[in-house]
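Asker: Just need the structure, nothing else, for what follows:
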Amino acid sequence: MLSPAQITDYRSTGFLLTDSGIGSRDLERVREEVARLEGVEHPGRVMENDGATVRGLHGCHQVSELFGRLVRLPRILDAARQLVGGDVYVHQVKVNAKRALHGDVWPWHQDYVFWQHKDGMRRPLAVNAAIFLDEVTEFNGPLLLIPGSHRKRVPQNLPGNDGETATDNPGTASGNADGEHRSGASGKQDWLSNLSADLDFRLRAEQLTSLVAESHITSATGPAGALLFFDPRIVHGSGTNMSPFDRRVALFTYNSVTNPLSDVASPRPEFLAARDYRPLSPLSGAL
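Answerer: Coordinates of the predicted model:
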């Protein structure tokens, strides 16, 4: 359980770095499972622009029993329920691979704008939980965040509006025949542009300038097994991995069961926007 001080810190800055409590042996099991999933052809496996390096694995909990258990770890799930304010379900699970020397950028963005406009999420009653599967350093593409930006009015940069529409950040909480996708491929499905280095809704330099002027940029670094919670409205991104070491992170998005997705014209696949709203129960026993 999170302490009142930790919850206050999260509400203020938009993120909280703590420990997952996952032991080294179980972390190795998760890394081995990630390696196995990288070799499985699945629509949720997205490649970097080089066509050879895995960029991300999506919907892991739907194809892996281990990940299905991982999202229910009491230390993580109970904290997510505290931050959201009640029962939650899994909206999305992914692994951002950020491979050594090949892991590409994630431009500056907010997560909620995707979920709001692409998935029909009505309120930002969600939280991201990121487990560091490798040590995250200043050199292997750590997550960069602008503290407090989840409470600012941020341009959404919707297609064709030149960034004029903005979120008020209310206080409530490519393709080929084998089904594999390359983020830079022609003819890609619309949702692939949500996963590539050429990201939809990314912020421009002049928009970041005003946000940083009122705050600063910080990086989330730590050992393997560290756990980062962050608000879906906080502005964040990451650079390339210039080190010889991988930076794999498992990301779980928990959404309140009181905040089901509304209907949208072109729903994204289930592995990007799950619509199973049954509340998660804590895992009993070992991982």
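
Asker: now the strands for this structure?
Answerer: 15-19, 45-47, 54-58, 88-96, 106-109, 126-132, 143-145, 154-155, 166-167, 181-182, 218-220, 226-230, 236-238, 249-256 (DSSP state E).

Asker: weakest of these in terms of mean pLDDT?
Answerer: Note on those: strand 181-182 shows the lowest mean pLDDT, a mean of 34.

Asker: Near the nearest residue to D26 once chain neighbours are set aside, how many other residues are there?
Answerer: Leaving aside its sequence neighbours, D26 sits nearest to L287 (Cβ to Cβ, 6 or more residues apart in numbering; 5.0 Å). For glycine as for every other residue, the C-beta is placed from the backbone atoms N, C-alpha and C. Neighbourhood size, L287 [other Cβ atoms under 10 Å]: 15.

Asker: thinking L287 is in contact with E28, fair?
Answerer: No: contact criterion Cβ atoms under 8 Å: L287 and E28 do not qualify, at 11.5 Å.

Asker: among the helices and strands of the protein, which one scores worst on average pLDDT?
Answerer: Least confident helix or strand, the chain: strand 181-182 with a mean of 34, by mean pLDDT, DSSP states H and E.

Asker: Was I right to think T221 contacts V136?
Answerer: Yes: applying Cβ under 8 Å as the test, T221 and V136 come out as touching, 4.9 Å apart.

Asker: which residues do those two both contact?
Answerer: Common neighbours of T221 and V136 (criterion: Cβ atoms under 8 Å, 6 or more residues apart in numbering): P142.

Asker: neighbour-wise, which of the two wins?
Answerer: Neighbour count, other Cβ under 10 Å: between T221 and V136, V136 has more, with 26 against 18.

Asker: If I look at that one, what pLDDT would I see?
Answerer: On the pLDDT scale, V136 gets 98.

Asker: Run through the residues that contact it.
Answerer: P142, L143, A220, T221, G222, A226, R247, V249.

Asker: Tell me what it is bridged to.
Answerer: With DSSP bridges as the criterion, V136 is bridged to G222.

Asker: Could you tell me which ranges of the stretch 51-200 of the chain sit under the pLDDT cut-off?
Answerer: Applying pLDDT under 70 to the stretch 51-200 of the chain flags the ranges 158-198.

Asker: quick one: the helices in it?
Answerer: Using DSSP state H, counting those that start in this stretch, the helices of the stretch 51-200 of the chain run over 60-63, 65-70, 74-84, 111-119.

Asker: who wins for proximity to E32 among these?
Answerer: Closest approach to E32 among those (Cβ to Cβ): helix 65-70, 9.1 Å.

Asker: Going by neighbour count, list what's buried in the closest one.
Answerer: For helix 65-70, the neighbour count (16 or more other Cβ atoms under 10 Å) marks L66, F67, L70 as buried.

Asker: and D50, how many residues sit next to it?
Answerer: Neighbours of D50 using other Cβ under 10 Å come to 12.

Asker: can you tell me how far the nearest residue to it once chain neighbours are set aside sits from T253?
Answerer: The shortest distance from D50 to any non-neighbouring residue, by Cβ to Cβ, 6+ apart, is to H102 (6.5 Å). Distance, H102 to T253, using Cβ to Cβ, to the nearest Å: 25 Å.

Asker: These two: who's more crowded?
Answerer: Using other Cβ under 10 Å, the more surrounded residue of H102 and T253 is T253, with 24 against 17.

Asker: How much space separates the more buried one from A126?
Answerer: Taken as Cβ to Cβ, the span from T253 to A126 is 6 Å.

Asker: joint contacts of those two?
Answerer: Shared contacts of T253 and A126, defined by Cβ under 8 Å, 6+ apart, comprise H91, P232.

Asker: rewinding a little: make TSV out of the contacts of V136 and add distance to Y10.
Answerer: Below are the contacts of V136 laid out as TSV (distance: Cβ to Cβ, whole Å):
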residue	distance to Y10
P142	19
L143	15
A220	13
T221	18
G222	16
A226	15
R247	23
V249	18
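
Asker: rewinding a little: any shared contact partners between L287 and E28?
Answerer: Between them, L287 and E28 share no contacting residue under Cβ under 8 Å, 6+ apart.

Asker: about what we covered before: pick out whichever of the contacts of V136 sits closest to D50.
Answerer: Nearest to D50 among those, with distances taken as Cβ to Cβ, is R247, at 16.9 Å.
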